[in-house]
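[1] no sequence on this one, just coordinates:
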């Protein structure tokens, strides 16, 4: 064997041994993530992170919204350490931070530029002025509509529609024979699915979950009027099977041209305006979320964020990943891959300052205004003892909110009346706050 070849063989062997050692010692970061287009894009682009950090391997667990919440809650409350990064929101983060279940976010690199992150987003993910998660995107809610269908009927969507106008438009635009439905709304049961939307509807109709003394209010005239409006509207002008439709299902319906209007998360704007994802990208118009008797709580505030549970086995590697995934650098990667309209919205002031984003996303300033004007501390016309626009900021809510959502979904499906659904919901909510000691 020639000396040069022996040397090359030794070098190759040493290199292979080094690589094997590196792979063996690579930190595996397991991520519990939401099944939506933004997170699928993150998973796709995360190969860039792994190439830059060969000592870190990412393990993705992509879950539907209700399942993600259930799995994350079980993992954190049992301290099992199954996940190193969890996608959670403005509901869980302050509560879990308060209980010491999350790793505080500190010591970020200077180029992360935390002050660039929208203050509303930081505040919603903090407890006692300590940040516990980094926002991946921030959303409010808004009205999407088909400009071509409105024009064909001689209709004009106002900048701030009322629910009476929405019903009138839906009636005129429904063409069931042609496969177009006047409106699409969430009907799938879940505190973060149908109840996120329904709670904003109840808020703007003048209702609230609880009065100042924690008495449940679900059988109040405001709840009955709001939920009857919602159920009647979906039955008359909504698509078939509306009680099974959540965000993803309605996004598919809207982007394939089946809905004339859709009231949902502002994050959908980037998806609906993306010609690669939407058949109606050049026909979408937008307006504020509708109001009824009060603007209070008519549009929600939510952030999907990345947090590190205290039980994480790889907290340092997890922090490195979530810093990258919520960075200016990541936003640039998405812009290059999918176009500026599709970058994660609502998180960074620098995104909104970019001329490229303003040009590609005509909804940009509108969405930022909706995010900044949503007020979790004054979500209703009448005083309440809780914070949160589309949720009640107490640990028990995810349980009783989902049960109420099941009853209301049942009313949409025709399995019970609205009065029956609300009576069941009233009993559930009342029992939950009584057992928890809120109601004296």
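    That came through, no problem. From a predicted model like this one, the values you see are computed outputs, not experimental measurements.
[2] Between the two ends of stretch 243-261, what distance do you get?
    Length of stretch 243-261, first residue to last, C-alpha to C-alpha, to the nearest Å: 17 Å.
[3] how close does the residue nearest to residue 102 when sequence neighbours are not counted sit to residue 350?
    Excluding the flanking residues, the one nearest residue 102 by C-beta to C-beta, 6 or more residues apart in numbering is residue 132, at 4.5 Å. From N, CA and C alone the C-beta is placed, and that goes for glycine too. According to C-beta to C-beta, to the nearest Å, residue 132 stands 23 Å off from residue 350.
[4] Please identify which of those two sits among more neighbours.
    More neighbours surround residue 132 than the other of residue 132 and residue 350, with 24 against 13 (other C-beta atoms under 10 Å).
[5] pLDDT below threshold where in this structure?
    1-24, 440 (pLDDT under 70).
[6] would you list every one of the helices in the stretch 101-250 of the chain?
    Taking DSSP state H, counting those that start in this stretch, the helices of the stretch 101-250 of the chain run over residues 119-124, 147-152, 163-173, 194-204, 221-237, 247-255.
[7] Comparing these, which comes out most buried?
    Highest mean neighbour count of these: helix 194-204, a mean of 26 (counted as mean count of other C-beta atoms under 10 Å).
[8] Please give me every residue in contact with the residue most central in space within the chain.
    By C-alpha atoms, centre = their mean, the chain has its centre lying nearest to residue 304, at 5.3 Å. Applying C-beta atoms under 8 Å, 6 or more residues apart in numbering, one finds that residue 304 lies in contact with 34, 38, 87, 88, 89, 135, 136, 137, 139.
[9] can you tell me which of those are in strands?
    34, 87, 88, 135, 136, 137, 139 (DSSP state E).
[10] As a markdown table, those with neighbour count and distance to residue 173 would be great.
    Compiled in a markdown table, these are given as follows (neighbours: other C-beta atoms under 10 Å; distance: C-beta to C-beta, whole Å):
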| residue | neighbour count | distance to residue 173 |
| --- | --- | --- |
| 34 | 22 | 31 |
| 87 | 27 | 35 |
| 88 | 27 | 37 |
| 135 | 25 | 35 |
| 136 | 24 | 34 |
| 137 | 22 | 30 |
| 139 | 25 | 25 |
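[11] re earlier: ok, so what distance separates the residue nearest to the centre of the chain from residue 216?
    In terms of C-beta to C-beta, residue 304 sits 29 Å off from residue 216.
[12] now do residue 152
    45 Å.
[13] And for residue 177?
    43 Å.
[14] of these two, who's got more company?
    residue 216 (25 against 6).
[15] Is it correct that the more buried one is in contact with residue 210?
    Yes - with contact defined as C-beta atoms under 8 Å, residue 216 counts as touching residue 210 (5.9 Å).
[16] Need the residues touching each of those two.
    Joint contacts of residue 216 and residue 210 (C-beta under 8 Å, 6+ apart) are 429, 433.
[17] quick one, strands of the stretch 251-400 of the chain?
    With DSSP state E, counting those that start in this stretch as the criterion, the stretch 251-400 of the chain has strands at 261-265, 284-288, 302-307.
[18] From the contact counts, what lies against the first one?
    Same thing as strand 261-265. With contacts taken as 3 or more C-beta pairs under 8 Å, 6 or more residues apart in numbering; DSSP states H and E, strand 261-265 sits against strand 141-146, helix 163-173, helix 247-255.
[19] Give me the residues contacting the first one.
    Strand 141-146 has contacts (C-beta under 8 Å, 6+ apart) with 157, 161, 166, 169, 173, 197, 200, 254, 257, 259-266, 268-269, 272, 280, 283-290, 299-300, 363, 366-367, 370, 390.
[20] Can you tell me the SS state at the closest residue to residue 311 other than its chain neighbours?
    Closest residue in space to residue 311, ignoring its immediate chain neighbours: residue 81 at 3.8 Å, by C-beta to C-beta, 6+ apart. Per DSSP: H, G, I helix; E, B strand; the rest coil, the secondary structure class of residue 81 is coil.
[21] Perfect, I'm done here.
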